[in-house]
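J.: 3D model of this:
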Amino acid sequence: MRSYSDACGITRALDVIGERWALPVVRELIFGPRRYSDLAAALPGVSTNILGSRLKELVGAGVIYKRRLSPPAAATVYQLTPWGAELEPILISLGRWAAHTPVELEEQSFSASSFALSLRTTFDAQAAREAHLHLKFLMGEDIFDARIHQASFSIGRIPEQGGGTPDAGHSAGSAATSVHADPKTLAAIVYGGLDPAEASRETHVHIDGSPATVTAFAHCFTLPTPPMGAPA
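T.: Residues are numbered from 1 along each chain as shown. A predicted model of the protein is given here:
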């Protein structure tokens, strides 16, 4: 890895996680352990060689580690170390900073973890002060459990059997409104004003429950107001 050879804390941090694709790898691990194949599928723009290099470098730096899941999964996964997990608020701040930069969502990749982290980034406690909602987002093989209660928000991946432990307070068995859709369509519902009922009729969206619950959920998330000089 290249180094800035600069004693500043910022450049020392970039020495660790500043290489191309390093932070997207960290993003994909925010919600729990992932197999190499999971990471490759979530990051379609990265080559096999580069992904392998980034994983090796991040393991060597102490940001992530490899472990073997217990049966029946019996797979090797990558997971954030406690130090690596401290990058989450930094990623959220970066996401808020870039919220108003131009994006062509249809032409770019957008993973399930990206959508889930965007919800943590844009949750509006004031808008959600009276909301009590429980939704489950099924994005292919990625399933996330999301809850809003008393102006607080939590979201966690429901792991595969043997894949680890879900975030505290999340379980696959409790009642929830389930939304089957891809991450880009879910982003259009939450941020683009796409009507859930209309989406369930005209796109590949299936809602087990009331579309009104999904609409109420979307109203609890607000893009940050752009500061002076930011793209409109």
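J.: Any idea which helix or strand in this structure has the lowest mean pLDDT?
T.: Here the helix or strand of the chain ranked lowest by mean pLDDT, DSSP states H and E is helix 196-202, holding a mean of 90.
J.: got the contact list for the residue nearest to Gln126 when sequence neighbours are not counted?
T.: Ranked by CB to CB, 6 or more residues apart in numbering and with sequence neighbours excluded, the top spatial neighbour of Gln126 is Ala151, at 7.5 Å. C-betas here are computed from N, CA, C, even on glycine. Going by CB atoms under 8 Å, 6 or more residues apart in numbering, Ala151 touches 125-126, 128-129, 131.
J.: let's see 6 Å
T.: Counting by CB atoms under 6 Å, 6 or more residues apart in numbering, Ala151 makes contact with 125, 128-129.
J.: And the buried ones among those, selectable in ChimeraX?
T.: Buried residues among those (16 or more other CB atoms under 10 Å), as a ChimeraX selection:
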select :128
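J.: Give me the residue ranges of this structure where confidence is low.
T.: 1, 160-174 (pLDDT under 70).
J.: Keeping just the C-alphas, turn the helix ranked longest in the chain into CSV.
T.: Across the chain, the longest stretch assigned as helix under DSSP state H is helix 48-61. The C-alpha trace of helix 48-61 is given here as CSV (Å, rounded to 0.1, in the frame of the first residue of the first chain):
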residue,chain,number,x,y,z
THR,A,48,-11.5,-10.1,-8.3
ASN,A,49,-7.9,-9.1,-7.9
ILE,A,50,-8.6,-5.7,-6.4
LEU,A,51,-11.3,-7.1,-4.0
GLY,A,52,-8.9,-9.8,-2.8
SER,A,53,-6.1,-7.2,-2.3
ARG,A,54,-8.4,-4.8,-0.3
LEU,A,55,-9.6,-7.6,1.9
LYS,A,56,-6.0,-8.8,2.6
GLU,A,57,-4.9,-5.2,3.3
LEU,A,58,-7.9,-4.5,5.6
VAL,A,59,-7.3,-7.7,7.5
GLY,A,60,-3.6,-6.8,7.9
ALA,A,61,-4.5,-3.3,9.2
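J.: Can you list the buried residues in that helix?
T.: 51, 53-55, 57-58, 61.
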